[in-house]
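# what follows is a predicted protein model with its sequence.
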Amino acid sequence: MFISSKIESFFIEIGELTFFAHRFFKEVFSKPFEFKELLRQCYYIGNKSLFLVATTGFIIGLVMTLQTRPTLEEFGAESWMPSMVSISIIREIGPVIIALTFAGRIASGIGAELGSMRVTEQIDAMEVSGTNPFKYLVVTRVLAATLMLPILVLMGDAIALYGSYIIENIKGEVSFLLYFNKVFDALQFGDIIPAIIKTYFFGFAIGLVGCFKGYYCDKGTVGVGLAANSAVVFASMLLFIIDFIAVFITDIFVEI
Amino acid sequence: MNQNHNISQNNKALSTKDLMLEIKDLRKSFGDNQVLNGFNLRLYEGENLVIMGKSGSGKSVMIKCLVGLMQPDSGSIMVMGKDITKLRQLELDELRTEIGFLFQGSALYDSMTVRENLEFPLRRHKHKFSNISDTTQIVTEALKSVGLEHAINLMPSELSGGMKRRVALARTLILKPKIILYDEPTSGLDPITAKEIIELMRSIQAEYKTSALIITHDVDCARVVSERMILLVDGINYAEGTFNELAQSKDKKVRAFFKQ
């Protein structure tokens, strides 16, 4: 009984999120456009996530290389390290881990911000003043998250590869040029393009879920906390579902 | 008891003025909870009408229906001759510029300065002002009318409760509305600040010639600002009249409001 009600509420939430997404697509192409607020959100969401993404990327690169190197050494296959690390980071680990980090910061931030605006009637005040709060608050944040995450992932991937190079340089005395030659030899468009495309969907899902949870936040400070928390949980779960679908589609159309 | 104590003598005089707001048979429920059960209201030009009621009597729901923040189940809401339940979004946004709304908790945008808070409604409705190349003059004028021109660059977090309420009032005035809706304007304020806000409301009405609908359970506020009052009980107009008329009523439920 408990499980069935949980499943039911999950599907109700998916349905409500679909309506929310439908409203987003209806509003995004209609005037007036909130360019100034979009730029402000791009700065806030993109620039302010940079340090977190850079640190995460750098550590992914370091750790992956450190953990994998002994096994490859056993088989005398250290020369495969750049290609192995680059393919796994570019295709999967970079986009997913950076998107999860981004979800933790942005979905919760948006959820809490819009939630507290809802609770303190700021969204109502916006509506009463004749401004469409959905367009001003939701459309700009979802667009900013969609546009910024792919850029952050590309930067995070590059920093992760640099982290991997540092370990290779220390342990195996591999030069920068040789390491990155090997990296680019191993990578194909079939690795990079689908990975970039899926990050747009990740960014969209993170922005949308954060806004959805905050915009329809229940009354009270408890509601704000719950909105922030459930935004991260729901967005993270959606990321894995989108990732599975993306990998499945890539597998059909791109020869891996 | 569904009893309407219409004991006002000045209704005839009012009916010759222009009707700014008219609510007819407004009903709204949440599940089984019937909050508004056929509420009626008329607000005339230049009038200060106070709605009093206990917590949960439907005052805030009524005022939210009035500006289109909630959809009523049935009934009509005419604002300056237009039924807001039947307006399209753009028409509703346009009509909302004629209505100022002072929220109970001020509802200032915390991420913006006082100046940006006041400029925000101007972004979409600059056409209401001719020669609006610089908004500073309009913002300063609105802040001056609430005595806070020095706070123009402060953030809402740097303001006291009374100052926040004044800035919120300045924001409602910025588009020069014809009607101002006050949702519990003195709640959460100390008696001295509450008195200042009440005085401010009176001076604003004199200066801007607005009509005002004030929702409150503060008897002092009602005594000072009201020209006419409606007591809202169980979602209906229970009694109507001037402050003195209602204060002298023999009805138990009416008297209960004045025993503070």
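On my side now, so go ahead. Numbering: from 1, shown residues only, chains lettered A, B, ... in the order given.
# going by C-alpha atoms from here, please, whenever you check contacts or count neighbours.
OK.
# in the stretch 1-150 of chain B, which spans are strands?
Assigned by DSSP state E, counting those that start in this stretch, the strands in the stretch 1-150 of chain B fall at B:5-6, B:19-30, B:33-44, B:48-53, B:74-79, B:82-83, B:99-102.
# to residue A:6, which of the ones you listed lies closest?
Among the strands of the stretch 1-150 of chain B, strand B:19-30 comes nearest to residue A:6, with 24.1 Å by C-alpha to C-alpha.
# and that closest one, what other elements does it pack with?
In terms of contacts (3 or more C-alpha pairs under 8 Å, 6 or more residues apart in numbering or on different chains; DSSP states H and E), strand B:19-30 is packed against strand B:33-44, strand B:74-79.
# pull out the buried positions in that strand.
Of all the residues in strand B:19-30, those buried under the rule 16 or more other C-alpha atoms under 10 Å in any protein chain shown are B:19, B:20, B:21, B:22, B:23, B:26, B:27, B:28, B:29.
# compute the inter-axis angle for it and strand B:74-79.
For strand B:19-30 against strand B:74-79, the angle by axes from the mean of the first three to the mean of the last three C-alpha atoms, to 10 degrees is 150 degrees.
# picking up where we left off before, any chance of the strands of the stretch 1-150 of chain B in a markdown table, plus mean pLDDT?
Shown next, in a markdown table, are these (pLDDT from 0 to 100):
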| stretch | mean pLDDT |
| --- | --- |
| strand B:5-6 | 50 |
| strand B:19-30 | 90 |
| strand B:33-44 | 89 |
| strand B:48-53 | 90 |
| strand B:74-79 | 90 |
| strand B:82-83 | 88 |
| strand B:99-102 | 90 |
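# tell me which two in the buried residues of strand B:19-30 are the farthest apart.
The most widely separated members of these, counting by C-alpha to C-alpha, are B:19 and B:29 (27.1 Å).
# so residue B:213, which of the three states?
Following DSSP: H, G, I helix; E, B strand; the rest coil, residue B:213 is assigned to strand.
# quick check: it touching residue B:182?
Yes. Using C-alpha atoms under 8 Å, residue B:213 is in contact with residue B:182, at 6.2 Å.
# sorry, back to before: quick check, nearest of the buried residues of strand B:19-30 to residue A:237?
Nearest to residue A:237 among the buried residues of strand B:19-30 is residue B:29, at 36.0 Å by C-alpha to C-alpha.
# quick check: closest non-adjacent residue to that closest one.
In this structure, residue B:29 finds its nearest non-sequential neighbour in residue B:35, 5.2 Å apart by C-alpha to C-alpha, 6 or more residues apart in numbering or on different chains.
# with residue B:185 instead?
residue B:104 (6.0 Å).
# state the distance from that neighbour to residue A:30.
Residue B:104 sits at a distance of 33 Å from residue A:30 (criterion: C-alpha to C-alpha, to the nearest Å).
# can you pick out the residue with more neighbours from the two?
Each of residue B:104 and residue A:30 has its neighbours counted (other C-alpha atoms under 10 Å in any protein chain shown); residue B:104 has more, 20 against 9.
# got the phi and psi for that one?
The phi/psi pair for residue B:104 (degrees, to the nearest 10) reads phi -60, psi -40.
# who touches it in this structure?
Counting by C-alpha atoms under 8 Å, 6 or more residues apart in numbering or on different chains, residue B:104 makes contact with B:182, B:183, B:184, B:185, B:187.
# next one: residue A:176
The neighbours of residue A:176, taking C-alpha under 8 Å, 6+ apart as the test, are A:165, A:169.
# for it, give me the pLDDT.
According to the prediction, residue A:176 has pLDDT 89.
# ok, residue B:54 touching residue B:217?
Yes. Checked against C-alpha under 8 Å, the pair residue B:54 and residue B:217 is within contact range at 6.9 Å.
# quick one, which of those two is more surrounded?
Each of residue B:54 and residue B:217 has its neighbours counted (other C-alpha under 10 Å); residue B:217 has more, 22 against 14.
# can you tell me the closest non-neighbouring residue to the more buried one?
residue B:52 (5.4 Å).
# wait, that neighbour sits on residue B:231?
Yes. Assessed by C-alpha under 8 Å, residue B:52 is found in contact with residue B:231 at 4.9 Å.
# wait, does stretch A:35-52 contact chain B?
No. Contact of stretch A:35-52 with chain B (C-alpha under 8 Å from any C-alpha of the partner chain) is absent, the minimum separation being 11.6 Å.
# the strands in the stretch 151-260 of chain B, which residues?
For the stretch 151-260 of chain B, the strands defined by DSSP E, counting those that start in this stretch occupy B:179-183, B:211-216, B:228-233, B:236-241.
# for the helix or strand harbouring residue A:231, which positions count as buried?
Per DSSP states H and E: residue A:231 is located in helix A:221-253. Neighbour-count burial for helix A:221-253 flags A:223-236, A:238-239, A:242-243, A:246-247, A:250 (criterion: 16+ other C-alpha under 10 Å).
# for stretch B:211-223, same thing?
B:211, B:212, B:213, B:214, B:215, B:216, B:217, B:218, B:220, B:221, B:222, B:223.
# contacting residues for whichever residue of the stretch 101-250 of chain A sits closest to chain B?
Going by C-alpha to the nearest C-alpha, chain B is nearest to residue A:130 of the stretch 101-250 of chain A, at 4.3 Å. By C-alpha under 8 Å, 6+ apart, the contact set of residue A:130 is B:92, B:93, B:94, B:96, B:97, B:121, B:124.
# helix/strand/coil for it?
Applying three-state DSSP: residue A:130 is coil.
# what's the pLDDT at it?
83.
# for the helix or strand hosting residue A:61, what is the average pLDDT?
In this assignment (DSSP H and E), residue A:61 forms part of helix A:50-74. Across helix A:50-74, the average pLDDT comes to 91.
# got any ranges where chain A has weak pLDDT?
Within chain A, the ranges that satisfy pLDDT under 70 run A:1-2, A:219, A:255-256.
# show me where it has helices.
For chain A, helices defined by DSSP state H occupy the ranges A:2-28, A:35-42, A:50-74, A:81-88, A:94-102, A:108-119, A:122-128, A:133, A:140-172, A:176-186, A:189-215, A:221-253.
# next one: the stretch 151-260 of chain B
Under the criterion DSSP state H, counting those that start in this stretch, the stretch 151-260 of chain B contains helices at B:161-173, B:191-208, B:219-225, B:243-247, B:252-258.
# for residue A:83, find the nearest of the ones you listed.
Evaluated over these, closeness to residue A:83 peaks at helix B:161-173, with 59.9 Å, by C-alpha to C-alpha.
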